[in-house]
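S.K.: take this sequence and fold it.
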Amino acid sequence: TELNRIASTTQFNGMNLLDGSFSNVELQVGADVGQKVMFGVANADNATLGSFQLTSTVETVGTESTNSAGALTQAGNDTHASAKSALDALYNSAADYTLKGSFGTKTASVNAGADARDVAAAFNAVSNTTGVNATAITRTRIEHITGADTFTFTLQGKSTTSSTVTFTIADVDDISAAKDAINAVSGSTGIIAKMVDGDKSKIDLVQEEGYDIIIGDVTASSTNTAVTVDTSGPPASAAGATLTAGAAHGFKVGDIVTYGKGGTVLTNLTDGAEYRVDSVASTTTFTLTATDGTAHTYGGGGGHASDTFTRLNGIQFKAMTASNTDGTLSTGATATLNTNNDSTAFVGQVTLNSHKNFTVASGNAANHFATDTSAQTTDLNTVGSIDMKTVIGSSRALSIIDSALQMIDQSRSQMGALNNRLESTVDNLSNITVKTEASLARIMDADFAQETTELSKSQVLSQAATAMLAQANQQPQNVLRLLQAG
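M.R.: Residues are numbered from 1 along each chain as shown. The predicted structure is shown next:
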């Protein structure tokens, strides 16, 4: 790249200046031994310039888990209010964050139940001292809607009250009606819905300010008829063993179904538990996984001719997390909401940026960045890692470039400060030289005014002495003349 070319080729007097080799250089700044300064310039290539970043952990409540039999265990909340309360309870009032770095130590204070927006605001309140800036965003995804039906739920984002969302799905492979219904209340929630590129069965929900996203009281207007599956001659034990219904089942990949035993349970399935339809090879056959999509082994024994599977009309949500190193989005915990477990909530993700390295430690284990109080370290995301092919990549690029510019500004300020010091030193040494030469001239050169005065004085004295001597010589001659005259 151009940055690397500049870094590797910029020279002065045969020395490379920007490739990291110009370091610990001694510059003499005085006339005596030891009067020197050390100086260096950091590497300016695209693997060095960038942003030191740290992201928080995305957490949610009402998520599901599976037991050893692959059965769904829902920890969901039964009301919108309880989901919000459960999410708030994840964060303690003592979880103030201690920032440490080249700036020293500073504390970002937060309250109990703080959302990502509150945490980002706490860090930005001390950014003038720390140089650490924070942003917050909340993301979740509607991964799948199981069953064509009319759904209603409450949705809350930036508003203190919830909004009601109602929509009808005619085809679970095209849930754009849900997107339109969510966007219809975005003025209150601040939550924007967007179809996942290339897949009309998934919707990404984004709250750009970092408020919690709370989904509650999900209801479907209808229920489904149980489909009878004869498992008395059980399929061989395998992950995703094929099950065959007596008639067309109407299932689609991603549907959540409830297993009901007719007698003896099929080996490794649980009566009344929920599973995910993994594949549909024909109108009468299907396979299962755990509800989170992980492989599950079942079959090989048990089973009954009257076993049933009933599709559960509901909405499956997944948490969304951005990687701290490359910004890639990935799905996390799953919450499948229906009439029985109808509410969940998602906290946003905080991203901290600085052009200098730093650490963050919380005063309580119930915090946004870790499960304990240990210091969390940053990752250096460099200019060379920028990928602007996506909106997320472009947004990430802005923070990296901003920090890279701050790194360059810091180097320039250090060089400017040194240049000012050298100019001051040169001026001082020049002044010393001038005054030394003036002193030497005063010592070694004649003082013409004084010497002229002394010369004049000497000449006057010499002339006076000569005149007096001449008069003294005249006196004997005058006496002789008198004698001769007598």
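
S.K.: secondary structure class for the nearest residue to residue 377 once chain neighbours are set aside?
M.R.: Nearest residue to residue 377 in three dimensions, chain neighbours excluded: residue 359, at 5.6 Å (CB to CB, 6 or more residues apart in numbering). C-beta here means a position set from N, CA and C on the backbone, and glycine is covered the same way. Under DSSP: H, G, I helix; E, B strand; the rest coil, the three-state class of residue 359 is strand.

S.K.: go on, residue 253?
M.R.: Residue 253 - assigned by three-state DSSP - is coil.

S.K.: tell me who's in contact with it.
M.R.: 277, 278, 279, 280 (CB atoms under 8 Å, 6 or more residues apart in numbering).

S.K.: hang on, the second one packs against residue 290?
M.R.: No: counting by CB atoms under 8 Å, residue 290 is not a contact partner of residue 278; they are 9.4 Å apart.

S.K.: who has more neighbours out of these two?
M.R.: Counted by other CB atoms under 10 Å, residue 278 and residue 290 do not tie: residue 290 has more neighbours, with 22 against 19.

S.K.: report the buried members of the contacts of residue 253.
M.R.: 277, 278, 280 (16 or more other CB atoms under 10 Å).

S.K.: ok, so of these, who is nearest residue 315?
M.R.: Set against residue 315, the nearest of the buried ones among the contacts of residue 253 by CB to CB is residue 277 (15.6 Å).

S.K.: any idea of the pLDDT on the residue nearest to residue 377?
M.R.: pLDDT, residue 359: 95.

S.K.: tell me the bridge partners for it.
M.R.: Under DSSP bridges, the beta-bridge partners of residue 359 are residue 100, residue 377.

S.K.: and residue 28, by the same measure?
M.R.: Counting by DSSP bridges, residue 28 forms beta bridges with residue 36.

S.K.: that one contacts residue 35, correct?
M.R.: Yes: at 6.7 Å, residue 28 and residue 35 qualify as touching, with contact defined as CB under 8 Å.

S.K.: beyond the longest strand seen in the chain, next helix or strand please.
M.R.: Ranked by residue count under DSSP state E, the longest strand found in the chain is strand 133-146. Per DSSP states H and E, the first helix or strand lying C-terminal to strand 133-146 is strand 150-156.

S.K.: which regions of the stretch 351-486 of the chain sit below the pLDDT cut-off?
M.R.: Along the stretch 351-486 of the chain, the parts satisfying pLDDT under 70 run over 444-448, 486.

S.K.: can you do 80?
M.R.: For the stretch 351-486 of the chain, the stretches with pLDDT under 80 are 386, 388-393, 440-451, 468-486.

S.K.: what ranges do the helices span in it?
M.R.: Using DSSP state H, counting those that start in this stretch, the helices found in the stretch 351-486 of the chain span residues 391-444, 448-485.

S.K.: the longest one packs against which elements?
M.R.: Read that as helix 391-444. If you count contacts as 3 or more CB pairs under 8 Å, 6 or more residues apart in numbering; DSSP states H and E, helix 391-444 packs onto strand 36-39, strand 50-55, strand 349-354, strand 379-382.

S.K.: with just CA atoms, put the second one into CSV.
M.R.: Just to be clear, that refers to strand 50-55. Extracted C-alpha coordinates of strand 50-55, given in CSV (Å, rounded to 0.1, in the frame of the first residue of the first chain):
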residue,chain,number,x,y,z
GLY,A,50,-4.6,2.0,14.0
SER,A,51,-6.9,2.0,17.0
PHE,A,52,-6.6,0.2,20.4
GLN,A,53,-10.2,-1.1,20.9
LEU,A,54,-12.2,-3.0,23.5
THR,A,55,-15.8,-4.2,23.1
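
S.K.: in its sheet, what does it sit against?
M.R.: When DSSP bridges is applied, strand 50-55 pairs with strand 349-354 (antiparallel), strand 379-382 (antiparallel).

S.K.: out of the ones you listed, the one nearest residue 252 is which?
M.R.: strand 349-354 (31.3 Å).

S.K.: ok, back up a step: strands - which of the buried ones among the contacts of residue 253 land there?
M.R.: Filtering the buried ones among the contacts of residue 253 for strands - DSSP E - leaves 277, 278.

S.K.: from the buried ones among the contacts of residue 253, pick the one nearest residue 226.
M.R.: For these, the nearest to residue 226 is residue 277 (14.6 Å; CB to CB).

S.K.: what's the neighbour count on the nearest residue to that closest one once chain neighbours are set aside?
M.R.: Excluding the flanking residues, the one nearest residue 277 by CB to CB, 6+ apart is residue 255, at 4.4 Å. Per other CB under 10 Å, the neighbour tally for residue 255 reads 26.

S.K.: look up the pLDDT of residue 255 for me, please.
M.R.: pLDDT for residue 255: 86.

S.K.: with residue 172 instead?
M.R.: 88.

S.K.: which ones are touching it?
M.R.: Residue 172 sits next to 144, 145, 146, 147, 148, 201, 252, 254, 255 when contact means CB under 8 Å, 6+ apart.

S.K.: report the rounded mean pLDDT for stretch 203-214.
M.R.: pLDDT averaged over stretch 203-214 gives 96.

S.K.: mind exporting it as CSV, just the C-alpha atoms?
M.R.: The C-alpha trace of stretch 203-214 is given here as CSV (Å, rounded to 0.1, in the frame of the first residue of the first chain):
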residue,chain,number,x,y,z
ILE,A,203,-34.5,-9.3,9.9
ASP,A,204,-31.8,-7.4,11.7
LEU,A,205,-33.0,-4.9,14.4
VAL,A,206,-30.6,-2.1,15.2
GLN,A,207,-30.9,0.6,18.0
GLU,A,208,-28.1,3.1,16.9
GLU,A,209,-28.0,4.9,20.3
GLY,A,210,-27.3,1.8,22.4
TYR,A,211,-30.6,1.6,24.3
ASP,A,212,-31.7,-1.9,25.4
ILE,A,213,-34.0,-3.7,23.0
ILE,A,214,-36.9,-5.4,24.8
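
S.K.: doesn't residue 201 fall inside a strand?
M.R.: Yes: under three-state DSSP, residue 201 sits within a strand.

S.K.: wait, isn't it in contact with residue 179?
M.R.: No: contact criterion CB under 8 Å: residue 201 and residue 179 do not qualify, at 11.3 Å.

S.K.: still on that earlier bit, what distance do you get for the residue nearest to residue 277 to residue 148?
M.R.: Residue 255 sits 11 Å away from residue 148, taking CB to CB, to the nearest Å as the criterion.

S.K.: same check, this time on residue 217
M.R.: Going from residue 217 to residue 148 by CB to CB gives 21 Å.

S.K.: what do you get for residue 396?
M.R.: 38 Å.

S.K.: returning to that earlier point: residue 217 and residue 148 - which one has more neighbours?
M.R.: residue 217 (19 against 16).

S.K.: tell me who's in contact with that one.
M.R.: Residue 217 touches 79, 80, 152, 153, 154, 342, 343, counting by CB under 8 Å, 6+ apart.
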